[in-house]
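**Student:** With the sequence up front, the predicted model follows.
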Amino acid sequence: MNAIALTVNGRAVDASVEPRTHLADFVRDALHLTGTHLGCEHGVCGACTLLLDDIPARSCITYAVACDGARVTTIEGLDTDEIIVELRAAFTREHALQCGYCTPGMLISARDLVRRLHDPDERSIRVGLSGNLCRCTGYVGIVRAVRSVIDQRRRRGVLPEPGGGRTMLGPVGSGGGTNGSDSRVVAPPAKAEPPQENTVETVVPDFTPTVTVTEHFTVAHSPAAVFGMFGDVAAVANCLPGVSLTGVPTPDRAEGSIRVRIGPIAANFRGAARIERARETWSGRIIGIGSDQRSRSSTQGEIRYRLVPVEQGNATQVEVAIGYSLRGLLAQMAREGLVRALVARMTADFAGNLDRHLSGAGPEDHAKKAVELNGFSLLAAVLRQHVGKIFRRNRRRQHGDEV
Ligand code: FES
Ligand code: FES
């Protein structure tokens, strides 16, 4: 944890933050300033825009530790700001918002344009706002609202400020704000995680997953063969990337570990799983619980599967629903999209290994390798999804043409 001191909406804040905490999470989670929205978390959509030393900045790609000494202003801090008051009225008048998700970031960027541009045409305003995406309005009302505020102010004789208040070169926030307040707020320390031992649970409780991801794949073997193989816990574990057993499994219980890496965080969850199977419906459920001391993270997860015969029973569609709840450090990194990509990758590897196992070849040596998601594999996962979609769409079209 790093100690930082900054000024947020005119009040001094002392806090202790993880080095990887980004400013948006810090203002939202530690200071409860939820007017700063999160959309893409990649610096693309502008929903998280706030002012850093009075200049608009993307808080999703700014580390909170990098703002030590800076002046941060969120939309809440601009409640009575003259330009924002005028922009809010204009947005209402011109129907420049629908769901309002983009609006805090849009208002902050628009305020910057109002300060900087003398007599902009529509194109300059569109270019100026091109870093803020709105999925609802089509931008016409937004551009009209911003233009009307600039027009009104210039008519009242309010001139633009050269540079919109920028006084120095360098990245936003590098100026180091001065602390203009006497009242210091101490942000509540990040919630301490209960000490976690890498001990294995003796009881695997039921739970309700916070996120569930569904996947399916087809293997060229009958449901009976696939269901039979799913009863062999050691063989299944051998097909799952990153998984290794730490004891001798029984048909309804196994102990083991799974190694996962998301970006810079690696975790080795040790735990236990309960196994349930129903031959009548060719379905089953595996419920697991585990923890990792190093990343101070813990997880509960469940895999539900159902086997559906296809191709006259010569092949099987395996439908899986993977649900999980994650707590601790890894939960901070594991945004839902990342985990979905991770699950998709794990499922694809498992499908390949399963096919190889059922065909008599051993699985690739995945159990020794952590299931990993970095920038490249995330990109690959996204591409795979898109290619799969195009492929499926073409197949549907062809099929439709044939009928
Ligand atoms: S959430 Fe920061 S730019 Fe999209
Ligand atoms: S008003 Fe809905 S995203 Fe802009």
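**Tutor:** Ah, there it is. Numbering: from 1, shown residues only. Ligands and ions are numbered 1, 2, ... in the order given.
**Student:** any idea which element the spatially most distant residue from the centre of the chain lies in?
**Tutor:** Within the chain, the residue lying farthest from the chain centre (CA atoms, centre = their mean) is Gly157, at 45.4 Å. Using DSSP states H and E, Gly157 sits in no helix or strand.
**Student:** residues from the stretch 101-250 of the chain in reach of ligand 2?
**Tutor:** Selection of the stretch 101-250 of the chain residues close to ligand 2 by CB under 6 Å from any ligand atom yields Tyr101, Cys102, Thr103, Cys134, Arg135, Cys136, Thr137. For every residue, glycine as well, the C-beta is placed using N, CA and C.
**Student:** List the residues that contact the fifth one.
**Tutor:** I take that to be Arg135. Residues near Arg135 by CB atoms under 8 Å, 6 or more residues apart in numbering: Cys99, Tyr101, Cys102.
**Student:** what about the closest residue to the first one other than its chain neighbours, neighbour count?
**Tutor:** Here the nearest residue to Cys99 in space, its sequence neighbours aside, is Cys136; by CB to CB, 6 or more residues apart in numbering that works out to 5.4 Å. Cys136 is surrounded by 14 other residues when neighbours are defined as other CB atoms under 10 Å.
**Student:** What of Val72?
**Tutor:** That count, for Val72 with other CB under 10 Å as the rule, works out to 29.
**Student:** Might you calculate how far the one helix or strand it maps to sits from the centre of the chain?
**Tutor:** Here Val72 sits within strand 71-73, counting by DSSP H and E. Offset of strand 71-73 from its chain centre (CA atoms, centre = their mean, to the nearest Å): 25 Å.
**Student:** List the pairing partners of that strand within its sheet, with orientation.
**Tutor:** Strand 71-73 has the following strand partners under DSSP bridges: strand 2-8 (parallel), strand 49-52 (antiparallel).
**Student:** List the neighbours of whichever helix or strand comes after it that are in contact with it.
**Tutor:** Note on strand 71-73: by DSSP H and E, the next helix or strand toward the C-terminus is helix 82-93. With contact meaning CB under 8 Å, 6+ apart, helix 82-93 is reached by 75, 78, 96-97, 103, 107, 110-111, 114-115, 141-142, 144-146, 148-149, 152-153.
**Student:** Helix 82-93 close to ligand 2?
**Tutor:** No: using CB under 6 Å from any ligand atom, helix 82-93 never reaches ligand 2; the gap is at least 9.4 Å.
**Student:** Mind listing what's buried along that helix?
**Tutor:** Ile83, Ile84, Glu86, Leu87, Arg88, Ala90, Phe91 (16 or more other CB atoms under 10 Å).
**Student:** Can you lay out these as a markdown table showing pLDDT?
**Tutor:** Formatted as a markdown table, these follow (pLDDT from 0 to 100):
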| residue | pLDDT |
| --- | --- |
| Ile83 | 95 |
| Ile84 | 95 |
| Glu86 | 96 |
| Leu87 | 97 |
| Arg88 | 96 |
| Ala90 | 96 |
| Phe91 | 96 |
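**Student:** Nearest to ligand 2 among those residues?
**Tutor:** Distance ranking of the buried residues of helix 82-93 against ligand 2, using CB to the nearest ligand atom, places Phe91 first at 9.4 Å.
**Student:** how much space between that closest one and Arg111?
**Tutor:** For Phe91, the distance to Arg111 equals 12 Å [CB to CB, to the nearest Å].
**Student:** repeat for Thr316
**Tutor:** Between Thr316 and Arg111 the computed distance is 58 Å (CB to CB).
**Student:** likewise Val44?
**Tutor:** Using CB to CB, we find Val44 at a distance of 20 Å from Arg111.
**Student:** Kindly report the same for Val233.
**Tutor:** Relative to Arg111, and taking CB to CB, Val233 is found at 60 Å.
**Student:** about what we covered before: okay, Val44 and Arg111: which has more neighbours?
**Tutor:** With neighbours defined as other CB under 10 Å, Val44 and Arg111 compare such that Arg111 has more, 24 against 14.
**Student:** who's in contact with that one?
**Tutor:** Shown in contact with Arg111 (CB under 8 Å, 6+ apart): Leu78, Asp81, Ile83, Ile84, Leu87.
**Student:** Then Glu319?
**Tutor:** With contact set as CB under 8 Å, 6+ apart, Glu319 has these partners: Thr214, Glu215, His216, Tyr305, Arg306, Leu307, Val308.
**Student:** Quick one, which of those residues are buried?
**Tutor:** Looks like these have Glu215, Tyr305, Arg306, Leu307 buried, using 16+ other CB under 10 Å.
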